[in-house]
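Engineer: Give me a 3D structure for the following:
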Amino acid sequence: MTVPIQLDPSAARPVPQQPRAQGSLSVSSKARAEMSVLDDMHQRGSYKLLFPRRNGSALEAVVINTAGGVTGGDRYQLTAHAGANTQLILTTQAAERAYRAQAGEVGQVTNTLSAGSHAALHWMPQETILFDNCALDRTLSVDLDTTATALICETLVFGRMAMGEVLNSAVLRDRITVRRAGVPVFLDALHLSGDVASHLADPAVAAGAGALATVVYTAPDAQTHLQPIRDSLGPQAGVSLLGPDLLVIRALAHDSFVLRGTLVPLLKRLSGAPVPRPWMI
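Structural biologist: Residues are numbered from 1 along each chain as shown. Down below sits the predicted model:
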């Protein structure tokens, strides 16, 4: 008697290739009658730009990811230039989300920024939230003229605490490079993989913190902000003056809500203006 072999159809079926999102943006500003105005813009795919009603002379641009997040295989690129004597502020409509990725697939986000003579560049996206089993490779490269200034803020959230999310498995490669006149003045790299929650729980690493922010401020008045900021920070944050015009702040917090309580006053102080309106919506 022959007994037929029962095969699990799902085991024999290869994982289908999922559709992937792609998007690219380029934007630049120029000076006109003491105002910063749009010089050039190009957008493609799942990346869009909006320009809110201005409250001052700066040009503010809001990046929107119409795909709703980043997953393995997605590709996003942004290029922005603050032209001479302009102020360009870049933020995002909402927090970015790095979702679960299929095995062997990594989402890539590449941001390339620059600022010309006597320009001011503010890069202040809202948080990037990492979900369990995400895989994200992100690069931020900033090139400044010798007379340009910059305020850069990047925030990572390691799962939403209020939702009980835990990063039992995730991959993150995150790099920030700031150059002045072609010379690197700030290099930072973060690589997390595997059981991220257990790694962050180590008292010598993050002591269980669920959110991390890095703020880089490069301007002639950087030194004047050092002591006031140091006095305002709690035990999970620190500030260092890496050069006469380079201030770096690193802050940890239990969750993103607590971290914002630290970040918003800092960004207001360093920018001399309220945080971009999408932060408050």
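
Engineer: Could you check how far the closest residue to Ala251 other than its chain neighbours is from Leu266?
Structural biologist: Nearest residue to Ala251, sequence neighbours excluded (C-beta to C-beta, 6 or more residues apart in numbering): Ala237, at 3.7 Å. In this view, the C-beta of every residue, glycine as well, is placed from N, C-alpha and C. Ala237 is 9 Å from Leu266, where distance means C-beta to C-beta, to the nearest Å.

Engineer: okay, these two: which has more neighbours?
Structural biologist: Leu266 (23 against 20; other C-beta atoms under 10 Å).

Engineer: helix/strand/coil for that one?
Structural biologist: Using DSSP: H, G, I helix; E, B strand; the rest coil, the secondary structure recorded for Leu266 is helix.

Engineer: The residue nearest to Ala251 reaches Val258, doesn't it?
Structural biologist: No. Applying C-beta atoms under 8 Å, one finds Ala237 not in contact with Val258, separated by 11.0 Å.

Engineer: list residues touching both of Ala237 and Leu266?
Structural biologist: Residues within reach of Ala237 and of Leu266 at once, by C-beta atoms under 8 Å, 6 or more residues apart in numbering, are Ile249.

Engineer: Flag the shaky bits of the protein, pLDDT-wise.
Structural biologist: Residues of the chain meeting the criterion pLDDT under 70: 1-19.

Engineer: And the residue nearest the centre of it?
Structural biologist: Geometric centre of the chain, nearest residue: Glu154, 4.1 Å, by C-alpha atoms, centre = their mean.

Engineer: got the contact list for it?
Structural biologist: Contacts of Glu154 by C-beta under 8 Å, 6+ apart are 123, 125, 128, 140, 174, 176, 213-214.

Engineer: a markdown table for those, including secondary structure?
Structural biologist: Listed next are these as a markdown table, based on three-state DSSP:
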| residue | secondary structure |
| --- | --- |
| Trp123 | strand |
| Pro125 | coil |
| Thr128 | strand |
| Leu140 | strand |
| Asp174 | strand |
| Ile176 | strand |
| Ala213 | strand |
| Thr214 | strand |
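
Engineer: With distance to Val27 and neighbour count added, can I get the residues you listed in a markdown table?
Structural biologist: Below are the contacts of Glu154 laid out as a markdown table (distance: C-beta to C-beta, whole Å; neighbours: other C-beta atoms under 10 Å):
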| residue | distance to Val27 | neighbour count |
| --- | --- | --- |
| Trp123 | 12 | 21 |
| Pro125 | 14 | 24 |
| Thr128 | 20 | 22 |
| Leu140 | 16 | 22 |
| Asp174 | 23 | 20 |
| Ile176 | 20 | 20 |
| Ala213 | 24 | 23 |
| Thr214 | 23 | 19 |
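
Engineer: Met163: which of those is nearest?
Structural biologist: Thr128 (16.0 Å; C-beta to C-beta).

Engineer: Identify the nearest residue to the closest one in space, disregarding sequence-adjacent positions?
Structural biologist: Glu96 (4.5 Å).

Engineer: which ones are touching that neighbour?
Structural biologist: Here Glu96 is in contact with 65, 69-70, 109, 125-129 (criterion: C-beta under 8 Å, 6+ apart).

Engineer: Grab the nearest non-local neighbour of Gly261.
Structural biologist: Closest residue to Gly261 apart from its sequence neighbours, by C-beta to C-beta, 6+ apart: Ala253 at 7.9 Å.

Engineer: contacting residues around the one you found?
Structural biologist: Shown in contact with Ala253 (C-beta under 8 Å, 6+ apart): 209-211, 213, 236, 259, 261-262.

Engineer: Show me the helices in this protein, by range?
Structural biologist: For the chain, the helices defined by DSSP state H occupy 9-12, 196-201, 222-232, 256-271.
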